[in-house]
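Chemist: kindly generate the corresponding structure for this input.
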Amino acid sequence: MNRIAVFIDGNNFYFGLRKLYGKDKSLKNFDFQSFANFLAGEGKVIGIYYYNAQLDREFNSKKFQSQREFFAKLRKIPNFNLVLCKLLKRNIAGTNKHYYIIKEDDINMAVDMVDGSADDNFDVAVLVSGDGDFVPAVRSVKRRNKKVQNVYFDGSSSRNLKDHCDESLALTKEILKDFFKD
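Modeler: Coordinates of the predicted model:
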């Protein structure tokens, strides 16, 4: 039985769901354990790794609290690893406006995939992201005779990433509908 490690780009996943469903569905109601088991197929999920950053409490305390509750729920899932990265505030030049970006999420994810393959922690890495920046990590994992499956939102994946992975799966409403709990 293959050992499966699932690596989820949390920001990419959130915005992929938003694009697909609008505000109709919430991550708070998403069953990540069932989703990981679905992705594993006949294999055994040995770890789920979810990369994101904690929101700015002062910018929006309600969203901050909601995210804290969501993260607490995730931490209760067996073999779930919440990897919190940096959230940086950037000012828009010449204005009083700003925006936020997450830093270190992709590099942490890539390093964890490569380290996990080098340490023989899994047989298959499931990469839930459409970001083509992961191609070097995918190549490294595959050099260690591991398989990589790319899971992405339809229309949002790099062709280069899909070409370097052993398998690819586009997430659609039909696939995702069973993972939301009401």
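Chemist: surely Ile101 is in contact with Asn91?
Modeler: No - look at Ile101 against Asn91 with Cβ atoms under 8 Å: they stay out of range, at 11.9 Å. C-beta: built from backbone N, CA, C; applies to glycine.
Chemist: so where is the chain shaky, pLDDT-wise?
Modeler: Applying pLDDT under 70 to the chain flags residues 182.
Chemist: which residues in it form helices?
Modeler: For the chain, helices defined by DSSP state H occupy the ranges 10-21, 32-40, 61-75, 105-118, 135-143, 159-164, 173-176.
Chemist: could I get the ones you listed as JSON lines with mean neighbour count?
Modeler: Formatted as JSON lines, the helices of the chain follow (neighbours: other Cβ atoms under 10 Å):
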{"stretch": "helix 10-21", "mean neighbour count": "18"}
{"stretch": "helix 32-40", "mean neighbour count": "18"}
{"stretch": "helix 61-75", "mean neighbour count": "13"}
{"stretch": "helix 105-118", "mean neighbour count": "19"}
{"stretch": "helix 135-143", "mean neighbour count": "18"}
{"stretch": "helix 159-164", "mean neighbour count": "16"}
{"stretch": "helix 173-176", "mean neighbour count": "12"}
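Chemist: could those be laid out in CSV, adding distance to Phe153?
Modeler: Listed next are those as CSV, based on distance: least, Cβ to Cβ, whole Å:
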stretch, distance to Phe153
helix 10-21, 3
helix 32-40, 13
helix 61-75, 19
helix 105-118, 16
helix 135-143, 18
helix 159-164, 13
helix 173-176, 9
